[in-house]
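1. take a look and give me a structure for this.
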Amino acid sequence: MGNRLSKIYTRTGDDGSTGLGDGSRVPKDSARVAAYGTVDELNCTIGMVLACEGVPDDVRETLTQVQHELFDLGGELCIPGMAMIEESDITRLEQVLDRFNEPLPPLKDFILPGGGMAAATCHLARTVCRRAEREVVALGREEKLRPQASRYLNRLSDLLFVLCRVLARASGHGEVLWQHERRRKPAPSAD
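-> Numbering: from 1, shown residues only. Now for the predicted structure:
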């Protein structure tokens, strides 16, 4: 980090613009700011998962590593032309995902958000991750981006889904299954 912040407010953003990592200024509602802002929100949401009681050590270790990578991704999005997320990061997510998913029973129904505080918060992180991915894709339509950013987020949302299942089971609450049969209508009577 080149410059340390000694003063938190600068007043330079009072006009509705913000500075990127390369020194250029863009509107605060630009696609680039939306993308790295949502990555930051995702990182905060993962922090909420880690603040929950009973998160298993292997999940905690995985999510802490993800937080560091999300900070890297935010930096990549904040500095046009910067490359921080590597193919090896995506490969590692796939390997971790496979390791956590292997012992889980196959899914036969959709899962509702729930299953204890950690699992429910992880579901929230998963949806924020999907939004971050959509915003990175939107930014990629406006500006040239490396494909690793959206691929990383896509894989991460899959990992977060699997971790929701792991956390629901670890909490003892279990997964909350969608009860699709509740909408079945009785057969019409012959009256």
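2. give me the neighbour count for the nearest residue to Thr45 once chain neighbours are set aside.
-> Excluding its sequence neighbours, the residue lying closest to Thr45 (CB to CB, 6 or more residues apart in numbering) is Ala125, at 4.2 Å. (Each C-beta comes from the backbone N, C-alpha and C, glycine too.) Ala125: 26 surrounding residues under other CB atoms under 10 Å.
3. just the one 10 residues further on next, same as before
-> Taking other CB under 10 Å as the neighbour definition, Glu135 ends up with a count of 22.
4. what mean pLDDT does the longest helix along the chain get?
-> Identified as the longest helix of the chain according to DSSP state H is helix 117-142. Per-residue pLDDT over helix 117-142 has a mean of 97.
5. check which helices and strands that helix is in contact with.
-> Helix 117-142 is packed against helix 31-50, helix 148-171, with contacts defined by 3 or more CB pairs under 8 Å, 6 or more residues apart in numbering; DSSP states H and E.
6. out of those, flag the one nearest Ala138.
-> Proximity to Ala138 (CB to CB) singles out helix 31-50 among those, at 5.4 Å.
7. send the alpha carbons of the helix or strand following the closest one over as PDB?
-> Per DSSP states H and E, the first helix or strand lying C-terminal to helix 31-50 is helix 57-78. Below are the C-alpha coordinates for helix 57-78, written out as PDB (Å, rounded to 0.1, in the frame of the first residue of the first chain):
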ATOM      1  CA  ASP A  57     -12.200 -24.700  11.300                       C
ATOM      2  CA  ASP A  58     -11.900 -25.900   7.700                       C
ATOM      3  CA  VAL A  59     -14.800 -23.700   6.600                       C
ATOM      4  CA  ARG A  60     -13.300 -20.800   8.600                       C
ATOM      5  CA  GLU A  61      -9.900 -21.300   6.900                       C
ATOM      6  CA  THR A  62     -11.500 -21.400   3.500                       C
ATOM      7  CA  LEU A  63     -13.500 -18.300   4.000                       C
ATOM      8  CA  THR A  64     -10.600 -16.400   5.400                       C
ATOM      9  CA  GLN A  65      -8.600 -17.200   2.300                       C
ATOM     10  CA  VAL A  66     -11.500 -16.100   0.200                       C
ATOM     11  CA  GLN A  67     -11.700 -12.800   2.000                       C
ATOM     12  CA  HIS A  68      -8.000 -12.100   1.000                       C
ATOM     13  CA  GLU A  69      -8.800 -13.000  -2.600                       C
ATOM     14  CA  LEU A  70     -11.800 -10.800  -2.700                       C
ATOM     15  CA  PHE A  71      -9.700  -7.900  -1.500                       C
ATOM     16  CA  ASP A  72      -7.300  -8.700  -4.400                       C
ATOM     17  CA  LEU A  73     -10.300  -8.800  -6.800                       C
ATOM     18  CA  GLY A  74     -11.500  -5.500  -5.500                       C
ATOM     19  CA  GLY A  75      -8.100  -4.000  -6.200                       C
ATOM     20  CA  GLU A  76      -8.100  -5.500  -9.700                       C
ATOM     21  CA  LEU A  77     -11.500  -3.900 -10.300                       C
ATOM     22  CA  CYS A  78     -10.500  -0.600  -8.800                       C
END
